[in-house]
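Engineer: Coordinates for the following, if possible.
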Amino acid sequence: MEIILAIVVASAVIFFGALISMGNERQRRAIDNLHEQISRWAIQDLTIKRETLARDVCVEDPMLWLNELIEKVSGHKVNLQIIEKSDDPQAILCGDQESDIKILYCFNSPKEIERFRKVRKSKLNLIYTHVFSQIPSKYNIYEATILNAGLLFDKEISIAWKALTGHLPSNAQKLWILVFDNSH
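Structural biologist: Take a look at the predicted model:
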């Protein structure tokens, strides 16, 4: 009788543990979904508010704008100069004139960058001729959008990118910024 009771109690504990675990997973997905919806709502709300401001957007000094952008999203105060540009995929590698910090601005997510690096490594090591080859294994990643880089970020990045590279950006909604120290 005690064995049956122990089996029933153990089964009940396992069953309730599984129910709690499933409930937690469902709550996690709901919270993730809610976070995504709030972000989309905030972006849409800002888009509506900025329509009147967008008519007069100008970026007089694109390099100064990049310096200010990195300071907004990461807190790094830098004095950048362009080291290298790439058109496919679009990227600008800059170096700080006062330190060994390098900053890569691109429209590809870090996952896409890593995929690109792996594919290029297998194709006769052509990666070493691309701006992504400058990225060490350790770097800090920042994402710039209108939520953290300014109300007119997407308009300003289009103007600045065109002035710096001669091409319009592939995705003016989000810019990925990789910051790394090249002294090591």
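
Engineer: which secondary element of this protein has the worst mean pLDDT?
Structural biologist: The helix or strand of the chain with the poorest confidence is helix 110-121; it has a mean of 76 (mean pLDDT, DSSP states H and E).

Engineer: And the contacts of it?
Structural biologist: Helix 110-121 is contacted from outside by 89, 106, 108, 126, 127, 130, 132, 133, 135, 141, 176, 178, using C-beta atoms under 8 Å, 6 or more residues apart in numbering. Any C-beta I mention is one placed from the backbone N, CA and C, and that applies to glycine too.

Engineer: And stretch 73-88, by the same measure?
Structural biologist: Outside stretch 73-88, the residues within contact range by C-beta under 8 Å, 6+ apart are 63, 66-67, 70-71, 91-99, 101-103, 130-132, 134, 140, 142-144, 148-149, 164-165, 167, 177, 179.

Engineer: list the contacts for the spatially most central residue of the chain?
Structural biologist: What sits nearest the mean C-alpha location of the chain, by C-alpha atoms, centre = their mean, is residue 143, with 3.3 Å. For residue 143, the contact set (C-beta under 8 Å, 6+ apart) comprises 73, 174, 175, 176, 177.

Engineer: And the longest helix along the chain, what does it pack against?
Structural biologist: Ranked by residue count and defined by DSSP state H, the top helix of the chain is helix 2-50. Applying 3 or more C-beta pairs under 8 Å, 6 or more residues apart in numbering; DSSP states H and E, one finds that helix 2-50 contacts no other helix or strand.

Engineer: Using CSV, list the CA coordinates for the helix or strand immediately after it in the chain.
Structural biologist: Sequence-wise, the next helix or strand downstream of helix 2-50 (DSSP states H and E) is helix 62-74. Extracted as CSV, the C-alpha positions of helix 62-74 are listed here (Å, rounded to 0.1, in the frame of the first residue of the first chain):
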residue,chain,number,x,y,z
PRO,A,62,27.8,63.0,-41.4
MET,A,63,31.0,62.0,-39.4
LEU,A,64,29.9,64.2,-36.5
TRP,A,65,26.5,62.6,-36.7
LEU,A,66,28.1,59.1,-36.4
ASN,A,67,30.2,60.3,-33.4
GLU,A,68,27.0,61.6,-31.7
LEU,A,69,25.1,58.4,-32.6
ILE,A,70,27.6,56.1,-30.9
GLU,A,71,27.6,58.4,-27.9
LYS,A,72,23.8,58.2,-27.7
VAL,A,73,23.5,54.4,-27.9
SER,A,74,26.6,53.3,-26.1
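
Engineer: Show me what the mean pLDDT comes to for helix 62-74.
Structural biologist: Averaged across helix 62-74, pLDDT comes to 93.
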